[in-house]
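Student: can't give you the sequence, but here's the structure:
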């Protein structure tokens with residue numbers, strides 16, 4: 001059976017252009033509004049915004065109600081963070097600070113049902129509250145769950161090929177802003193930042209892996225798309241509010 005989560009995972013594997021945004025406000029209503037847009041995916045930012053488990057649960061429900069793929073950017077790669085997001089029914093997870101192949105392998109194992117993997121419960125939203133049989137839930141875990149690993153640390157650059165070799169990860173998301181700060185730079189366009197990003201891009205190309213990215217300016221999207229990036233998470237609900245206000249004031253003052 002086709003699902004929004006499965007179709008999104010498939011689109012990533014085909015490297016089809018996918019455009020999404022970050023949701024930074026813990027609000028079911030904001031989630032509903034974003035779910036009604038033509039965005040391909042939305043990402044709940046539980047790493048940098050105050051989402052607790054109830055907030056994530058409510059937002060995921062709103063996105064699922066409108067058949068919109070929804071990711072959760074976790075606070076860390078712990079078992080409980082992964083289990084929480086996926087049991088709530090998220091289409092997938094974005095895991096920060098994946099800076100070694102060992103961490104990458106652990107994330108994959110924790111995200112799927114199996115020996116020493118994701119803890120099983122048939123009473124979760126993901127499992128349709130016991131309405132789906134065990135084997136169907138296990139299959140859905142593997143074929144509908146998206147795993148995105150953020151590459152944003154200098155340590156990751158030192159072993160990037162080994163990280164790219166790890167199977168089971170659907171997309172590697174380049175944390176450009178984090179790399180900029182880590183390198184002591186103040187602008188994403190500085191040569192050392194661009195060099196670091198190019199290193200990740202070249203490694204992904206060598207291992208035929210899918211890449212995602214945040215860019216501060218949408219004008220940069222075609223450039224990185226030509227480099228092989230196919231998932232772009234741009235702006236946020238906060239950004240849209242600020243831009244709307246700025247446009248309103250600019251129009252009226254004219």
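Tutor: Yep, it's here. All of these numbers come straight from a predicted model, not from anything done at the bench.

Student: lowest confidence element among the helices and strands of the protein?
Tutor: Every helix and strand of the chain was ranked by mean pLDDT, DSSP states H and E. The lowest is helix 134-144, at a mean of 92.

Student: check which helices and strands that one is in contact with.
Tutor: Contact here means 3 or more CB pairs under 8 Å, 6 or more residues apart in numbering; DSSP states H and E; on that basis helix 134-144 packs against helix 4-13. All C-beta atoms are positioned from the backbone trio N, CA, C, and that covers glycine.

Student: the helix or strand just after the helix it packs on - contacts with which helices or strands?
Tutor: Going down the chain from helix 4-13, the next helix or strand is strand 18-23, by DSSP states H and E. The helices and strands touching strand 18-23, judged by 3+ CB pairs under 8 Å, 6+ apart, are helix 4-13, helix 28-35, strand 41-45, strand 229-236, helix 237-253.

Student: let me know the angle separating the shortest one from helix 28-35.
Tutor: Yep, that's strand 41-45 we're talking about. Angle, strand 41-45 to helix 28-35, by axes from the mean of the first three to the mean of the last three CA atoms, to 10 degrees: 150 degrees.

Student: name the residues that touch strand 41-45?
Tutor: Under the criterion CB atoms under 8 Å, 6 or more residues apart in numbering, residues 8, 18-24, 31, 34-35, 51, 56, 59-60, 63, 68-73, 90-91, 94, 231, 233, 236 lie in contact with strand 41-45.

Student: for the residue nearest to residue 174 when sequence neighbours are not counted, give me its contacts.
Tutor: Counting by CB to CB, 6 or more residues apart in numbering, residue 174 lies nearest to residue 213, which is 4.7 Å off, once chain neighbours are set aside. With contact set as CB under 8 Å, 6+ apart, residue 213 has these partners: 173-174, 176, 224, 229, 231-233.

Student: roughly how far apart are residue 213 and residue 184?
Tutor: 21 Å (CB to CB, to the nearest Å).

Student: redo the helices and strands packed on strand 18-23 as a markdown table? Include mean pLDDT.
Tutor: Shown next, in a markdown table, are the helices and strands packed on strand 18-23 (pLDDT from 0 to 100):
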| stretch | mean pLDDT |
| --- | --- |
| helix 4-13 | 97 |
| helix 28-35 | 98 |
| strand 41-45 | 98 |
| strand 229-236 | 97 |
| helix 237-253 | 96 |
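
Student: out of the ones you listed, deepest packed?
Tutor: Scoring these by mean neighbour count under mean count of other CB atoms under 10 Å gives strand 41-45 as the most buried, with a mean of 27.

Student: can you name the element that comes right after that strand?
Tutor: For strand 41-45, the following helix or strand on the C-terminal side (DSSP H and E) is helix 53-65.

Student: report the buried residues of that following helix.
Tutor: By neighbour count on 16 or more other CB atoms under 10 Å, the buried set for helix 53-65 is 55-64.

Student: same check on stretch 186-197?
Tutor: 188, 193, 196-197.

Student: from the residues you listed, which single one is nearest residue 156?
Tutor: For the buried residues of stretch 186-197, the residue nearest residue 156 by CB to CB is residue 196; the value is 9.7 Å.

Student: okay but that closest one is in contact with residue 175, surely?
Tutor: No: contact status for residue 196 versus residue 175: not in contact, 10.4 Å apart, counting by CB atoms under 8 Å.

Student: nothing else from me, thank you.
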